[in-house]
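>>> predicted structure and sequence below. I'll ask about it afterward.
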Amino acid sequence: MIQAGAEAPEFTLSDQDGEKVTLSELRGGKVLLVFYPKDFSPVCSDQLSVYQEVLGEIEAANTTMLGISIDHTWAHKAFRDKLGLEIRLLADFNPRGEVADAYGAYLADYGTTNRSLVLIDEKGTVEWVHEPPSPGEIPGANLIFDALAG
């Protein structure tokens, strides 16, 4: 997993609407990358639903939350619509898991990402990371708030 203090690897990925999102264009505010394994899985649905509930508080802390998985933009759109999410979901689809791998969040044995969190500061430096011991463990929103306060 990438370490706090490292420069955040640059990326450009398409969101659920096919719009390009480039990390460096978000400088000036914090960015929280939420790597998650798959759209429509029960655990991922629970995780992103919880984060949606606190999205306003995260945005009030001048932080942009971006979900990233290996699913295609079309799957992201359907998943987002089904759950009523406002969180932008980015497709790390082709090449599969390339961005997740750059952050150390790709699980090659499973062909998916771990359920990892990466907080990037206003200048593009990794400020905080959380890597659960398994992709089945949901990082609680309290971890995010602790990181934002820290």
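Good, I have the coordinates.
>>> all strands of the chain, in order?
Secondary structure of the chain, counting by DSSP state E: strands at 12-15, 20-22, 30-35, 63-69, 88-91, 106-107, 112-113, 117-120, 126-130.
>>> who's in contact with the spatially most central residue of the chain?
The residue lying closest to the centre of the chain (C-alpha atoms, centre = their mean) is residue 34, at 2.0 Å. By C-beta atoms under 8 Å, 6 or more residues apart in numbering, residue 34 lies in contact with 47-48, 51, 65-68, 87, 117. In short, each C-beta sits where N, CA and C put it, glycine included.
>>> repeat that for residue 32.
58, 63-66, 117-120, 144.
>>> just the buried members of the residues you listed?
58, 63-66, 117-120, 144 (16 or more other C-beta atoms under 10 Å).
>>> which one of those residues is nearest residue 13?
residue 66 (8.5 Å; C-beta to C-beta).
>>> any idea of the pLDDT on that closest one?
You'll see residue 66 listed with a pLDDT of 98.
>>> so it makes contact with residue 31?
Yes - at 6.5 Å, residue 66 and residue 31 qualify as touching, with contact defined as C-beta atoms under 8 Å.
>>> spatially nearest residue to residue 131 (excluding sequence neighbours)?
Leaving aside its sequence neighbours, residue 131 sits nearest to residue 1 (C-beta to C-beta, 6 or more residues apart in numbering; 4.4 Å).
>>> measure the one you found to residue 49 for me?
Applying C-beta to C-beta, to the nearest Å, the value for residue 1 to residue 49 is 25 Å.
>>> show me what contacts residue 127?
Per C-beta under 8 Å, 6+ apart, neighbours of residue 127: 4, 30, 119-121, 147.
>>> can you give me the helices in this protein?
In the chain, the helices defined using DSSP state H lie at 42-53, 55-60, 73-83, 98-102, 141-149.
>>> most distant residue from the middle of this protein?
residue 109 (20.1 Å).
>>> ok, that one - contacts?
No contacts exist for residue 109 under C-beta under 8 Å, 6+ apart.
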